[in-house]
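> next one to model:
(chains A and B)
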Amino acid sequence: DTAVSQTPKYLVTQMGNDKSIKCEQNLGHDTMYWYKQDSKKFLKIMFSYNNKELIINETVPNRFSPKSPDKAHLNLHINSLELGDSAVYFCASSQDEEVLYGYTFGSGTRLTVV
Amino acid sequence: QQPVQSPQAVILREGEDAVINCSSSKALYSVHWYRQKHGEAPVFLMILLKGGEQKGHEKISASFNEKKQQSSLYLTASQLSYSGTYFCGTEGGSGTYKYIFGTGTRLKVLA
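As a prediction, the model looks like this:
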């Protein structure tokens, strides 16, 4: 019974394409996130939503657009993909925005742009 | 500013101890610790909320020195299952509860 599930697990696509990654959590958490982990394993926050409201929006190119239709779902759409977008993207959730019980991460989506 | 972890990598034999440090250039209000096994998602280990706080989780414990702006993770009598990359996540009390992850420490435990 997966807590935070994201699809697809792997995504290989050509430069210039548009792609989406979907995320769902069944933990009843209020807050969801997108993190990017680069080839050096640095984990960097991209976006955070609390009850469908955007609360953290890091310096991320406009080509990245998150969307939260409800508090259990947070999707990431990427336009005009570039080589530098290749990374592992993790969706995560926390009970609330204070993160007192840590993040629960999804299994990640490995995006390769060729 | 990304917290700096040391060492960058460590190799241990089963049963040995290790200490991983996480240092920030900014004041810290809370610290998380995570372990990420190869090809998997990071898994939350513990949170430290107050300066001077120490916590334990099986044979893994941590301390938080607010004044020194650092936290340390202690792994005692390491097991093969402890192998992975350890990350600290720090929050500077900005009000956004935005945790910034450290540079990571790769730990490998050998039989």
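
> in chain B, what helix or strand scores lowest on average pLDDT?
Taking mean pLDDT, DSSP states H and E as the measure, chain B has strand B:54-57 as its least confident helix or strand, at a mean of 72.

> quick check: next helix or strand after that one?
Per DSSP states H and E, the first helix or strand lying C-terminal to strand B:54-57 is strand B:60-65.

> chain center to the following helix or strand past that next one: distance?
Once strand B:60-65 ends, the next helix or strand along the chain (criterion: DSSP H and E) is strand B:70-75. Centre-to-centre, strand B:70-75 and its host chain are 6 Å apart (C-alpha atoms, centre = their mean, to the nearest Å).

> would you mark the buried spots in the next helix or strand after strand B:70-75?
Remark: after strand B:70-75, the chain's next helix or strand is strand B:84-91, criterion DSSP H and E. Residues B:84, B:85, B:86, B:87, B:88, B:89, B:90, B:91 are the ones in strand B:84-91 that count as buried (16 or more other C-beta atoms under 10 Å in any protein chain shown). (Each C-beta comes from the backbone N, C-alpha and C, glycine too.)

> where's the nearest residue to residue A:10 once chain neighbours are set aside, which helix or strand?
The shortest distance from residue A:10 to any non-neighbouring residue, by C-beta to C-beta, 6 or more residues apart in numbering or on different chains, is to residue A:110 (5.1 Å). Assigned by DSSP H and E, residue A:110 belongs to strand A:109-113.

> so in terms of bridging, what pairs with the residue sitting nearest the centre point of chain A?
The residue lying closest to the centre of chain A (C-alpha atoms, centre = their mean) is residue A:34, at 2.9 Å. Beta-bridge pairing for residue A:34 (DSSP bridges): residue A:47, residue A:91.

> my guess is residue B:76 meets residue B:57, correct?
No. The criterion here is C-beta atoms under 8 Å, and residue B:76 misses it with residue B:57 at 11.3 Å.

> compare these two (neighbour count), which wins?
Using other C-beta atoms under 10 Å in any protein chain shown as the criterion, residue B:76 and residue B:57 rank with residue B:76 on top: 15 against 12.

> residues contacting the more buried one?
Applying C-beta atoms under 8 Å, 6 or more residues apart in numbering or on different chains to residue B:76 gives the contacts B:17, B:59, B:60, B:61.

> please apply the same query to residue B:25.
Residues in contact with residue B:25 (C-beta under 8 Å, 6+ apart) are B:1, B:69.

> and the gap between it and residue B:2?
With distances taken as C-beta to C-beta, to the nearest Å, residue B:25 is found 9 Å from residue B:2.

> just say helix, strand or coil for the residue of chain B found nearest chain A.
Proximity to chain A, evaluated over chain B using C-beta to the nearest C-beta, is greatest for residue B:44 at 3.1 Å. Counting by DSSP: H, G, I helix; E, B strand; the rest coil, the backbone at residue B:44 sits in strand.
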